[in-house]
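Q: dropping the sequence and predicted coords here.
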Amino acid sequence: MLYIVVGGFYGDEGKGKITSYIATTKKIDAIARAGVGTNAGHTVVHDGITYKLRTIPSGFVADHAKLFIGAGVYINEEILFKEIETTGVQGRIFLDNQTGVITEEHIAREKASKHLTDEIGSTCSGSGAAGVDRVLRQLKVAKDYETLQPLLTDVSAELNQILDDGGSVLLEGSQATFLSVYHGGYPHTTSKDVCAAAMLSDVGIGPTRVDEVVIVFKAFVTRVGEGHLKNELDFDETKKRGWDEYGTVTGRPRRAAPFDFDLAKKACQLNGATQIALTKMDIVFPEVQGATSEDQLSENVKKFIVQVESKTGVPVKYLSTGPGSQEVIEL
Ligand code: GTP
Ligand code: MG
């Protein structure tokens, strides 16, 4: 089985949470990180411990699974080694020979760009500048670094072999659909395409092998940085509703708006979604806080699910009812 987990709105939908749930409940043999780079921030709460991850796959909590970072992704050596230590995944994490490597110079180049800092609202983690060097064919990749040699492998070959042997692979992206440099609100986007098709290319798996594309929507919409946000609430109203959130990487308060059904429909099209995961259901519908079984659904939640399904044409499969990796109702 090949699962893809992709963000449906502007990021921070809780992909980390859904990935960790699928990884621990579906006998996943390998989790591969696709997407951009260390500009991501994924939160995983497992066994009472909170992990803030920028580069290690959020599915690491499945302690039997091999972890990979694809050739299309940008890593930062310092962040990688720090996260390997905090998550204890030594010996089961691998990088592709050709994974891109971000340097201090890339970070400095982005921080010096007024366009990026003021107009785009970039995290300035160096992923975009590394991407520029990659396109110019002058970026150093993982195989060029002495320190990374023990982690190197051919990620595409390994993942395809696991699938050939009947195993299960989960692809984990970063950012989200409307931050895609092609399909998002350009230029207020990230530096790459981050939709499901691009994720396959990031790790070297062909589109015919995909079984499920799980699209993650939060029960309301948030956005960091600049760019259009339909029906945006002011900060007082956001706080009143309990929808105030702060960025994992930057600490910036996130902008918020109610769930956008039209945007959800477009996101399902752009990714070929086969299943929907709805997160933060407990924030909008407090009566389902911590629920794990279908018979705990309220009438309002059922109504919301019907609305989401009828608008998008895609079934809702997972409801997240709290931050813990097992606080999920599977439908
Ligand atoms: P992505 O960027 O999409 O991967 O999301 P993320 O995992 O990075 O989410 P982020 O770091 O923005 O953090 C979301 C926060 O909400 C984290 O603290 C999660 O533990 C938490 N969270 C995730 N799902 C739920 C949920 O269903 N209910 C509640 N109350 N919290 C959640
Ligand atoms: Mg995030």
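A: That came through, no problem. Ligands and ions are numbered 1, 2, ... in the order given.
Q: now the strands for the stretch 51-200 of the chain?
A: Along the stretch 51-200 of the chain, the stretches classed as strands by DSSP state E, counting those that start in this stretch are 66-69, 74-75, 93-96, 100-101, 152-153, 169-172.
Q: what's the last one packed up against?
A: Yep, that's strand 169-172 we're talking about. Identification of packing neighbours for strand 169-172 by 3 or more CB pairs under 8 Å, 6 or more residues apart in numbering; DSSP states H and E yields strand 2-7, helix 15-25, strand 30-33, helix 155-164, helix 196-203. Where you see a C-beta, it was placed from the backbone N, CA and C, and this is true even at glycine.
Q: and the gap between the closest residue to ligand 2 within the stretch 101-250 of the chain and ligand 1?
A: Residue nearest to ligand 2 within the stretch 101-250 of the chain: Thr248 (4.8 Å; CB to the ion). Using CB to the nearest ligand atom, to the nearest Å, one gets 4 Å for the distance from Thr248 to ligand 1.
Q: wait, doesn't that residue sit right on Tyr51?
A: No. Using CB atoms under 8 Å as the test, Thr248 is too far from Tyr51 to be in contact (10.5 Å).
Q: can you tell me which residues in the stretch 1-150 of the chain are near ligand 2?
A: Residues of the stretch 1-150 of the chain lying close to ligand 2 (CB under 5 Å from the ion) are 12, 41.
Q: which parts of the stretch 1-150 of the chain are helices?
A: For the stretch 1-150 of the chain, applying DSSP state H, counting those that start in this stretch gives helices covering 15-25, 77-87, 104-111, 114, 127-135.
Q: now the last one: buried residues?
A: Translated: helix 127-135. 127-131, 133-134 (16 or more other CB atoms under 10 Å).
Q: same question, the third one
A: The neighbour-count criterion (16+ other CB under 10 Å) identifies 106-107, 109-110 as the buried residues of helix 104-111.
Q: tabulate those in JSON lines, adding columns for pLDDT.
A: Converted to JSON lines, these look like this (pLDDT from 0 to 100):
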{"residue": "His106", "pLDDT": "98"}
{"residue": "Ile107", "pLDDT": "97"}
{"residue": "Arg109", "pLDDT": "98"}
{"residue": "Glu110", "pLDDT": "97"}
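Q: show me which of the residues you listed neighbour ligand 1.
A: The subset of the buried residues of helix 104-111 within reach of ligand 1, counting by CB under 6 Å from any ligand atom, is empty.
Q: burial count for the closest residue to ligand 1 within the stretch 1-150 of the chain?
A: Taking CB to the nearest ligand atom, ligand 1 has its nearest neighbour within the stretch 1-150 of the chain at Gly16, 2.9 Å off. Neighbour count of Gly16, defined by other CB atoms under 10 Å: 30.
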